[in-house]
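*Asks:* predicted model and sequence follow; I will ask about them next.
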Amino acid sequence: MARTKHHKKDKWDTLHRNGPFPLKRLYVTELEGEAVFPSKTERYNDAAREIQRLLKETVDAGEGFRAYGSRWSLSNIAHHKDRMHYNGYMNLHLPLKDEYYHEDTAYDPEDLFFFECGNTIKELSQTLSSHGKSLKTSGASNGQTIAGSISTGVHGSAIDVGAIPDYVVGLNLIIGPNSDDIVYLERHSRPALSDTFGEKLNARVIRNDDLFNAALVGLGAFGFIHGVVIEAEDLFLLNRYVVKVDKEVALKLADTLDFKNSEFKIDGETDEDGKPLRPFHYKVFMNPYNDEDQYVVEVLYKKPYEVPYPDPFPAVQKTTYRELINLFIKVAEQHPNIIPKLIDQLTDVVLPSVDQSTTGTHAELFWDSQYQGPAFACSFGVDHRDSSKAWEILSQVAREEGPFPGLFAMRFVKQSDATLAFTKFPITCMIEIDGVLWEKSDRLPSLTEFSHLMIDALKANDIPFTLHWGKNADWAYPGLVDYMYGNKAEKWKELRSALLSPEMAKVFSNDFLDTTGLSEINEDVDEELIASLR
């Protein structure tokens, strides 16, 4: 049987020390060994029974439950004050047999893979590479678990691909302790796996587009995500370039994404007519305290996989030294007026080297995170056509109300079908502000106050926006979720209420959901909302 260690705790923290937050009990579950259960499916189902036992224990105690993986989020979205479960040892990969594919599937069976919740993005990439496959996209690094990545909508970096949830085609959820509380979800409009597969997981199968899209970016509120079916693709290479570009050109590209007719051109990355190619990835780095006439830009172009190619790691392994960051924090807190000069000095350490070109697979270029100390990250999603306007507004807040110890960047992501995806615009520009945590003082407002000011500024200028669920924000801002999502938020809550019993909806709620108003339960909801439609 799978074994769970119980640890009495009084606090829990994120990887980047955004807490600490109060906690009573920590669960850590380890899978049974292969000698007892040679079948991976048996080990997986055994783990499901153990999770259900823990949920029953939680319900009987009248407390709440929350799962987490790598502690990557900077908000308290993964936290629960009562009981938390560490998923990192639940990292099986279950091969899919021929009889597991739905007879009407439009997916190539060779591209479908099933992973348990605790697998990290790095582990997924290693498994896929051994099959000649690759993830379609990932976040800037690879330490997040797959369950955590989709729960918060980690947005990746590909203009025409989408976020991590957008290549998920199936979800195995544990929604309670009872025998019928294991479900397997898919879209009815695009089935992937058969009912036989669901039976192997002791799960009832629900194919329903609305339910699937709501649960996809479920914020941990739709139950315990035990397994995920993803669609991969053949291995590919990326040519990566880091260059300086005139500010006007970089911002015009952000607003238009019209690379073909742009002045921006990389030698060798043109079509047969000499026109610039559309890149796989486009990222702009901006320093709000420096009025330079050029920005550092990172672009990646997708290429067929061919070997050999130059070793990418000398360029990728660029280290941000913790000692330097810690020194930055101490100086910035005492002398905030010097922050702009410090950021200028840190630029050579934090930003990628200019006039650099590298070739590698997606997993090689989006590699291990270097810094794991105190950090903050705010991330606003806007329609890419509002990119430059939003950047000017947010950077003005940073200059007038700060200075704050951070840098700005833009990344661009295709629209998601997930109900509460923050990549909701046809192409979303994610304006990111990343830096080191500081203490509120007479000279600097708090991080929450800084977020509040930026939200105020975007609203005052009529720029629709979203916020990255896993990052820092003033999540208690009045009417925030309704402003960002409107009727979609109500639909999300209705579908959650239809799937979970009121008792389990409360178990899977937490302070984050309470703060944002997303924990509300509708006990009169029509259960036909979640009927299987195929």
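*Replies:* Received it, and whenever you're ready, just let me know what you need. Numbering: from 1, shown residues only.
*Asks:* make it CA atoms for all contacts and neighbour counts henceforth
*Replies:* Fine.
*Asks:* list the contacts for the closest residue to Trp469 other than its chain neighbours?
*Replies:* With sequence-adjacent residues excluded and distances taken as C-alpha to C-alpha, 6 or more residues apart in numbering, Trp469 is closest to Thr152, at 5.4 Å. By C-alpha atoms under 8 Å, 6 or more residues apart in numbering, the contact list for Thr152 reads Val217, Gly218, Leu219, His468, Trp469, Gly470.
*Asks:* and if you look at Val183?
*Replies:* The neighbourhood of Val183, defined by C-alpha under 8 Å, 6+ apart, consists of Asn172, Leu173, Ile174, Ile175, Gly198, Ala203, Arg204, Val205, Ile206.
*Asks:* from those residues, which is closest to Pro310?
*Replies:* Within the contacts of Val183, proximity to Pro310 (C-alpha to C-alpha) peaks at Asn172, which comes in at 39.8 Å.
*Asks:* still on that earlier bit, farthest-apart pair in the contacts of Thr152, please.
*Replies:* Using C-alpha to C-alpha, the two most remote members of the contacts of Thr152 are Gly218 and His468, lying 13.2 Å apart.
*Asks:* rewinding a little: quick one: the contacts of Val183 as JSON lines, columns for distance to Thr58 and neighbour count too.
*Replies:* Written out in JSON lines, the entries for these read as follows (distance: C-alpha to C-alpha, whole Å; neighbours: other C-alpha atoms under 10 Å):
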{"residue": "Asn172", "distance to Thr58": "21", "neighbour count": "25"}
{"residue": "Leu173", "distance to Thr58": "17", "neighbour count": "21"}
{"residue": "Ile174", "distance to Thr58": "14", "neighbour count": "24"}
{"residue": "Ile175", "distance to Thr58": "13", "neighbour count": "24"}
{"residue": "Gly198", "distance to Thr58": "26", "neighbour count": "19"}
{"residue": "Ala203", "distance to Thr58": "22", "neighbour count": "21"}
{"residue": "Arg204", "distance to Thr58": "23", "neighbour count": "17"}
{"residue": "Val205", "distance to Thr58": "26", "neighbour count": "23"}
{"residue": "Ile206", "distance to Thr58": "26", "neighbour count": "22"}
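*Asks:* what helices or strands is the helix or strand containing Leu458 leaning on?
*Replies:* When secondary structure is defined by DSSP states H and E, Leu458 falls within helix 447-460. In terms of contact count using 3 or more C-alpha pairs under 8 Å, 6 or more residues apart in numbering; DSSP states H and E, helix 447-460 is assigned the packing partners helix 387-401.
*Asks:* between helix 387-401 and the helix or strand that the helix it packs on is followed by, find me the angle.
*Replies:* Tracing the chain past helix 387-401, the next element assigned as helix or strand by DSSP H and E is strand 406-414. In this structure, strand 406-414 runs at an angle of 160 degrees to helix 387-401, with axes from the mean of the first three to the mean of the last three C-alpha atoms, to 10 degrees as the basis.
*Asks:* please enumerate residues in contact with strand 406-414?
*Replies:* For strand 406-414, the surrounding residues in contact (C-alpha under 8 Å, 6+ apart) are 155-163, 281-288, 343, 384, 423, 425-436.
*Asks:* quick one: buried ones out of those residues?
*Replies:* Under a neighbour-count criterion of 16 or more other C-alpha atoms under 10 Å, the subset of the contacts of strand 406-414 counted as buried comprises 155-159, 161-163, 281-288, 343, 384, 423, 425, 427-436.
*Asks:* can you pull the contacts of Ala215?
*Replies:* By C-alpha under 8 Å, 6+ apart, Ala215 lies in contact with Phe222, Ala418, Arg496.
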